[in-house]
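1. With the input below, show me the fold.
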Amino acid sequence: MEQNKQNKKKENILLLVEAGKQTTRFLQQVLEKDDSEKQYFILHVTQDAMPLQNGARMLALQAVVDAGSRMGAEVSLRFESNLADCVSAFTKEHQITQIVMEPPTVAAARKNVWQEIWQSILALLPPETSIQLAP
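-> As a prediction, the model looks like this:
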């Protein structure tokens, strides 16, 4: 039995978040119902050069850090120009086995930008990494 546990690969799950109004609820839905021994990582990537100068944005980012930390996840905020490259590098660095993307806002879904983001991330991931959009 103990040997079987050692042979099983630890699952590292990346939660890719937008840091919006629904992000805390998304994190609670995923993290509070899971009592397994999975390691969770929360990643928010922004292209904004000065995200902390916007008070509302700073509060949203702080809420992500607080919620994720409180629930036992490792939280990373990255300031990068290329989302797909950043996610790919993070995935390899932390040996991520699964990525769960926060559902897009209605406005973002209408712009159809999520499909492009999804495809660009998929193209750079190792083949053993799965990706899903949370319901």
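2. Listing request: residues of the chain with sub-threshold pLDDT.
-> Filtered on pLDDT under 70, the chain yields the residue ranges 1-9, 34-35, 48-53, 105-114, 133, 135.
3. doesn't V87 make contact with I117?
-> No - I117 is beyond contact range of V87, at 9.1 Å (criterion: C-beta atoms under 8 Å). Quick note: C-beta positions are derived from backbone N, CA and C, even for glycine.
4. What ranges does this protein have for its helices?
-> 2-7, 23-31, 55-70, 83-93, 106-111, 113-124 (DSSP state H).
5. is it possible to export those helices to a markdown table including mean neighbour count and distance to L43?
-> Formatted as a markdown table, those follow (neighbours: other C-beta atoms under 10 Å; distance: least, C-beta to C-beta, whole Å):
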| stretch | mean neighbour count | distance to L43 |
| --- | --- | --- |
| helix 2-7 | 7 | 28 |
| helix 23-31 | 17 | 12 |
| helix 55-70 | 15 | 10 |
| helix 83-93 | 18 | 6 |
| helix 106-111 | 10 | 17 |
| helix 113-124 | 14 | 11 |
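6. can you redo the ones you listed as JSON lines with distance to Q39?
-> Output for the helices of the chain, formatted as JSON lines (distance: least, C-beta to C-beta, whole Å):
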{"stretch": "helix 2-7", "distance to Q39": "15"}
{"stretch": "helix 23-31", "distance to Q39": "12"}
{"stretch": "helix 55-70", "distance to Q39": "12"}
{"stretch": "helix 83-93", "distance to Q39": "13"}
{"stretch": "helix 106-111", "distance to Q39": "28"}
{"stretch": "helix 113-124", "distance to Q39": "20"}
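7. Would you tell me which strand is longest in the protein?
-> What stands out as the longest strand in the chain, according to DSSP state E, is strand 39-46.
8. what pairs with it, and is each one parallel or antiparallel?
-> strand 12-16 (parallel), strand 74-79 (parallel) (DSSP bridges).
9. Most tightly packed of those?
-> strand 12-16 (a mean of 22; mean count of other C-beta atoms under 10 Å).
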